[in-house]
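# Take this sequence and fold it.
(chains A and B)
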Amino acid sequence: MAIIVNLDVMLAKRKMRSKELAEIIGITTANLSILKSGKAKAIRFSTLEAICKALDCQPADILEYQED
Amino acid sequence: MRKIHILKAIIDLVWIISMPAILLVIGLVLAVLFRDLSGLDIKINSVNFNANDWLSKTLLIISALNYLLILAALYFFRKTLRYFINTKIFDIIVISSFKKIGNLLSISGIVSISISFIIRIYYQQKISFELGLNEHIVLICLGLFFLILSEVFKIAKAHKQENDLTI
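Here you go, the predicted model:
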């Protein structure tokens, strides 16, 4: 997929665990895993907003466009 | 979901009643092929079949096999209902079963309408057109409806997958 999810990188930068982030933003760890692995088809603005708030970052820090 | 159990019970009953009919149909096909049935008075849709005539034999065999197509569709419908009861609504088996049911019913409808047309021309020497719905048209429409349903379920499955993978 052309959109790359760099959530792993941001989690490492903020020294936060996936489980912790999942609890803060109110989604299951299974769903967060889908998002991290790039299997997700779409992301809600509300989820993106919650992630940005929890990690204190911009959407561009999490999502990146790469040509196939 | 109680309605689905009622439907399943009715379909199961029809299926069980139809079981001996399969043997009868196979027996009839074999009898028509290998036995002289000229003494037997075979009447289908108020048309007497002369069992010695090759066209009669062919039409009888095709009619019998056509009945098996409807039973095959019934089998796939039972299978689909089982998946519905287990709430596996968007399973790939459901989609393929709907497609098979659609194809079987459409073929069956086309075959039965062709047989009816040949019977009218050959045995009754008349061409007549009926306005409105007759059983053959209903069968073809039902078959096409199941084919459309299969497509609709395929689209719904893609939407559900997309919805499930929206975080």
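
# Which of the residues in whatever helix or strand B:Ile119 lives in are classified as buried?
Per DSSP states H and E: B:Ile119 is located in helix B:92-122. Buried residues in helix B:92-122, counted by 16 or more other Cβ atoms under 10 Å in any protein chain shown: B:94-109, B:111-113, B:115-116, B:119. No exception for glycine: its C-beta is placed from N, CA and C like everyone else's.

# next helix or strand past the helix or strand bottoming out on mean pLDDT in chain B?
Taking mean pLDDT, DSSP states H and E as the measure, chain B has strand B:47-49 as its least confident helix or strand, at a mean of 60. Once the chain leaves strand B:47-49, the next helix or strand it forms, by DSSP H and E, is helix B:54-85.

# who does that following helix touch, helix- and strand-wise?
helix B:2-34, strand B:42-44, strand B:47-49, helix B:92-122 (3 or more Cβ pairs under 8 Å, 6 or more residues apart in numbering or on different chains; DSSP states H and E).

# any idea how far that helix is from the chain center?
4 Å (Cα atoms, centre = their mean, to the nearest Å).

# Could I get the average pLDDT for that helix?
Helix B:54-85 carries an average pLDDT of 89.

# and if you look at stretch A:10-19?
92.

# List of residues touching that stretch?
A:Leu21, A:Thr29, A:Leu32, A:Ser33, A:Lys36, A:Ala54, A:Leu55, A:Asp56, A:Cys57, A:Asp61, A:Ile62 (Cβ atoms under 8 Å, 6 or more residues apart in numbering or on different chains).

# Is chain B within reach of the one helix or strand A:Glu64 maps to?
Using DSSP H and E, A:Glu64 falls within strand A:63-65. No. Using Cβ under 8 Å from any Cβ of the partner chain, we find that strand A:63-65 stays clear of chain B, coming within 12.2 Å at best.

# so what does that strand touch, helix or strand wise?
Counting by 3+ Cβ pairs under 8 Å, 6+ apart, strand A:63-65 packs on strand A:3-5.

# Please tell me how far the strand it packs on is from the chain's geometric centre.
9 Å.

# got the buried residues for that strand?
In strand A:3-5, the ones that count as buried by 16+ other Cβ under 10 Å are A:Val5.

# average pLDDT across it?
91.

# Direction included, what does it pair up with?
Paired with strand A:3-5 in the same sheet, following DSSP bridges, are strand A:63-65 (antiparallel).

# can you list contacts of the partner strand?
A:Ala2, A:Ile3, A:Ile4, A:Val5, A:Asn6, A:Ile43.

# if you set the cut-off to 7 Å instead, what comes out?
Strand A:63-65 is contacted from outside by A:Ala2, A:Ile3, A:Ile4, A:Val5, A:Asn6, using Cβ atoms under 7 Å, 6 or more residues apart in numbering or on different chains.
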